[in-house]
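Trainee: Predicted model, plus sequence, below.
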Amino acid sequence: NPTHFFVDSPDDTAQDQISLAMRIFGGSFEANQRFSGGLYRYGQMNRGPLAGIRGGMEDWAYAASWDPPRTSPCNPSTYGGYATEKTTYNDSTFRAFNLLLESTAGKDPNRLDLGTSEDVLNPGTPGNGHVSRNVRLALLSADIAQPYVSIFGVQGLRLSDDVIPAISSVSSSCQTAEVTVPSYTTSLMIQWTVGGAFSIDETSLWYAPKSTVEDGNSSTLLLDCRSQPPVGMVEAVFTQGNDTMRSGQGYFADGGASDSNRVVLGPVFNATINLPVGDKIVIMASARVDSSWLEPPEEPGPLVDPQSHMVQSRTNPDWYHESNGKIVQGRLNWFSLPLVVTRRFGAFRVEEVSPRLPVNSQGAPRKAKTPTKKLAHLTKGGMRKRRLRGLKV
């Protein structure tokens, strides 16, 4: 908008981090080397090398709801016109990040410059090109839409994935991951990751006897896999492992993920917890993220707090907007799906017994074939591992 030339938007901190991540994750390729080393140039649309764009969709989608003096309903006379109320919007509709991405100056690029599917998630792939790098940026956009936390390992055992492609859930019940451990187990090393965020301000583990979680009226909300549990209920029922507190950087942060490995695309956190008394223990991981997005830019204009749903929904628990049956509720704490640990007599290893798989028509869990499955063996003197090939889970 011309009114805001040469100033920073209230959400500039987040917008800058996201744009830089896209520049890096897009990568470069040979045919594009003459432009900025092959990487996308990025910047604000009202200043710098990309300035001069007025009244674009990007401005409208971002600020039309909270900067109404710069907008007005449409009243066209051509093609028969249409009702004014069709372009009268509320306080919630337009608070989005709408990024303009110019793939190339030429509108008919050489087919050899479009790229291939070879190692498409790797910015340094030799198959990089206009299409393949924009596929990655579309995936990046989807990943950062909302923070998420996932427990993926117990004592070195890799758990089944949370998401099974092309299969919808057939039940509203919570299909948690469950592992069995020897009855004498008093502590476990848990591994988890945090995604959809750039800065992991703090992340930790929570645990409680399953009998305590199921006692009272709160169990439905605490063990509902479809929605985030109320933090007050979690604090009342679970114990937070203070010695499990960690922090770090997300996968798309400048500099990359902290303590990453080949198991997950993201930061890896691990901590050992002392298990409470009980046959069944419920464990969750939580995270608070991206508080830096609330930091004001150097030259803000107008002088208001960040206004986007993207920023406020992950940093402000009081943020609430409802429009057309849709709700945006802010929160600070993001929780993983619960993990159930069962102490079992006769067990001599950590083993996953209830993968998060949908049931078949007979009501039995569907089985997934895994080429290589790790089983973590526990002894009172320590732990050892072995691999079984072709194991059916």
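Mentor: Okay, I see it.

Trainee: what about Ile281, which SS state?
Mentor: strand (DSSP: H, G, I helix; E, B strand; the rest coil).

Trainee: gap between it and Thr186?
Mentor: Separation of Ile281 from Thr186 (CB to CB, to the nearest Å) stands at 11 Å. No exception for glycine: its C-beta is placed from N, CA and C like everyone else's.

Trainee: Identify the contacts common to the two.
Mentor: Leu275 (CB atoms under 8 Å, 6 or more residues apart in numbering).

Trainee: which one of these two has more residues nearby?
Mentor: Between Ile281 and Thr186, counting by other CB atoms under 10 Å, Ile281 is the more crowded of the two (24 against 10).

Trainee: Give me the pLDDT value at that one.
Mentor: Ile281 is assigned a pLDDT of 95 by the prediction.

Trainee: beta partners for the spatially closest residue to it that is not a sequence neighbour?
Mentor: Once flanking residues are discounted, Ile281 sits nearest to Val341: 4.4 Å by CB to CB, 6 or more residues apart in numbering. Judged by DSSP bridges, the bridge partners of Val341 are Val179, Ile281.

Trainee: what do you get for Val154?
Mentor: Assigned bridge partners for Val154, using DSSP bridges, are Leu157, Ile190.

Trainee: Please enumerate the strands of the stretch 151-300 of the chain.
Mentor: 157-158, 177-182, 187-195, 199-209, 239-240, 246-249, 269-274, 280-289 (DSSP state E, counting those that start in this stretch).

Trainee: out of the ones you listed, which comes closest to Glu85?
Mentor: For Glu85, the closest of the strands of the stretch 151-300 of the chain is strand 280-289, at 38.5 Å, according to CB to CB.

Trainee: measure the closest residue to Pro300 other than its chain neighbours to Asp16 for me?
Mentor: Distances taken as CB to CB, 6+ apart place Asp8 nearest to Pro300, at 5.4 Å, with adjacent residues excluded. Separation of Asp8 from Asp16 (CB to CB): 9 Å.

Trainee: quick one: the helices in this structure?
Mentor: 12-26, 57-63, 130-143, 210-214, 219-222, 231-237, 309-312 (DSSP state H).

Trainee: Could you dump these into CSV and include distance to Tyr89?
Mentor: Output for the helices of the chain, formatted as CSV (distance: least, CB to CB, whole Å):
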stretch, distance to Tyr89
helix 12-26, 21
helix 57-63, 10
helix 130-143, 23
helix 210-214, 43
helix 219-222, 33
helix 231-237, 32
helix 309-312, 14
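
Trainee: Just name the most buried of those helices.
Mentor: Of all the helices of the chain, helix 309-312 carries the top mean neighbour count, a mean of 22, counting by mean count of other CB atoms under 10 Å.

Trainee: The closest residue to Tyr82 other than its chain neighbours - how many residues pack around it?
Mentor: Spatial nearest neighbour of Tyr82, chain neighbours left out: Pro76 (6.9 Å); criterion: CB to CB, 6+ apart. Counted with other CB under 10 Å, residues neighbouring Pro76 total 9.
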